[in-house]
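In: just coords:
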């Protein structure tokens, strides 16, 4: 697929690109992330491109920045390899980048998350179309689309998953659309699906709106299978997550170009740290700190679980005890919710 014509791939010789990933316990997810990085490298072969992780894997972000400096890079465009702007994008990654910049005198310009645009909606649509084309049984207006997002304590990020759902429902003409989440917020996959099935649809397409595989995508699949087993008269179809779909790579390139052009505008209008959002007023002005510095590059899962729980001390999510939220999963370890 040809990249958007508006993107200019001519950059100064002293510039480098850093892709900031979260990291995963799942080697497949790490491999998929590196594959995306390599596709970006292929688009700009003359520019150094490195990647680093917040936790679980190496190189960590500071090590990737060290590598760029060793190549003579004097200006870094750093992108969060994440779908939406929540805690990792707004706090954890900027805190690591700011500290490194201050300690080493390196100019680091931070870009936007992938976010919502026509390219990302197109990428999601392409994954769903693959499922539709391989299962042409029911008309779309008799099909329920369920989009599963990661889930966050940031309502702005959660609302964007709902927007993706609506854009896909109208784009294809599905009979109905619902949004569920893998953790933190509500409704979670299991109770959300059970509630949605009350609408009476006999075919469901479940689309995990995730970049890569991993623990959370596996959880979405596991919980949807549980619901499917309890409802044998309903046909459940699973669409693939986004991964390296061409339009995703196009969006990464667009985000790089925005920084280069000085047009990387974040959506601060609904940011809970900057505006008095209903129910989240106490978090305005929350200090920008990383909650991953205790476990950067940590590969010891037992130690990671202990440190991870200690490090993640956020404002309490106001709906943590919602009846369709994490309290529905008492058998899971808290670190998995």
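Out: Cool, got the structure. Note that the coordinates shown come from a computational prediction; the quantities given were computed from them, not determined experimentally. Numbers count the residues shown, from 1 in each chain.

In: from residue 257, how far out is residue 66?
Out: The gap separating residue 66 from residue 257 is 26 Å, by C-beta to C-beta, to the nearest Å. For every residue, glycine as well, the C-beta is placed using N, CA and C.

In: could you do residue 237 as well?
Out: Distance of residue 237 to residue 257, given as C-beta to C-beta: 36 Å.

In: with neighbour numbers in mind, choose between those two.
Out: More crowded of residue 237 and residue 257, by other C-beta atoms under 10 Å: residue 257, with 20 against 17.

In: what helix or strand is that one on?
Out: Assigned by DSSP states H and E, residue 257 belongs to helix 246-261.

In: which parts of that helix are buried?
Out: Within helix 246-261, the residues scored as buried using 16 or more other C-beta atoms under 10 Å are 247-260.

In: you'd agree residue 79 is in a helix?
Out: No - assigned with DSSP: H, G, I helix; E, B strand; the rest coil, residue 79 falls outside any helix and is strand.

In: isn't it right next to residue 115, touching?
Out: No - in this structure residue 79 lies outside contact range of residue 115 using C-beta atoms under 8 Å: 11.3 Å.

In: comparing those two, which shows the higher neighbour count?
Out: Applying other C-beta under 10 Å to residue 79 and residue 115 shows that residue 79 carries more neighbours, namely 26 against 19.

In: measure the more buried one to residue 127 for me?
Out: To residue 127, residue 79 is 22 Å away according to C-beta to C-beta.

In: mind jotting down where the helices sit in the stretch 201-337 of the chain?
Out: For the stretch 201-337 of the chain, the helices defined by DSSP state H, counting those that start in this stretch cover 215-230, 246-261, 301-311.

In: what's the average pLDDT for stretch 135-145?
Out: If you average the pLDDT over stretch 135-145, you get 89.

In: skipping adjacent residues, who's closest to residue 185 in space?
Out: In space, and not counting its chain neighbours, residue 185 is closest to residue 151: 4.6 Å by C-beta to C-beta, 6 or more residues apart in numbering.

In: please apply the same query to residue 16.
Out: Among residues not flanking residue 16 along the chain, residue 73 sits closest, at 3.5 Å (C-beta to C-beta, 6+ apart).

In: tell me how many other residues surround the closest residue to residue 116 other than its chain neighbours.
Out: Among residues not flanking residue 116 along the chain, residue 160 sits closest, at 5.7 Å (C-beta to C-beta, 6+ apart). Using other C-beta under 10 Å, residue 160 has 24 neighbouring residues.

In: also residue 35?
Out: Neighbours of residue 35 (other C-beta under 10 Å): 13.

In: how much space between it and residue 21?
Out: Taking C-beta to C-beta, one finds residue 35 at 12 Å from residue 21.

In: residue 46 now?
Out: Taken as C-beta to C-beta, the span from residue 46 to residue 21 is 23 Å.

In: likewise residue 49?
Out: Taken as C-beta to C-beta, the span from residue 49 to residue 21 is 13 Å.

In: ditto for residue 52
Out: 7 Å.

In: who does the closest residue in space to residue 237 that isn't next to it in sequence bridge with?
Out: With C-beta to C-beta, 6+ apart as the criterion, residue 237 has its nearest non-adjacent residue at 4.8 Å, and that residue is residue 205. On DSSP bridges, the residues paired with residue 205 through beta bridges are residue 145, residue 237.

In: tally of neighbours for residue 205?
Out: Residues near residue 205, counting by other C-beta under 10 Å, number 25.

In: now swap in residue 232 and tell me
Out: Number of residues near residue 232 (other C-beta under 10 Å) recorded here: 7.

In: pLDDT wise, what is it at?
Out: Residue 232 is assigned 98 on the pLDDT scale.

In: and it, backbone torsions?
Out: In this entry, residue 232 is assigned phi and psi values of phi -60, psi -20 (degrees, to the nearest 10).

In: now do residue 187
Out: phi -80, psi 140.
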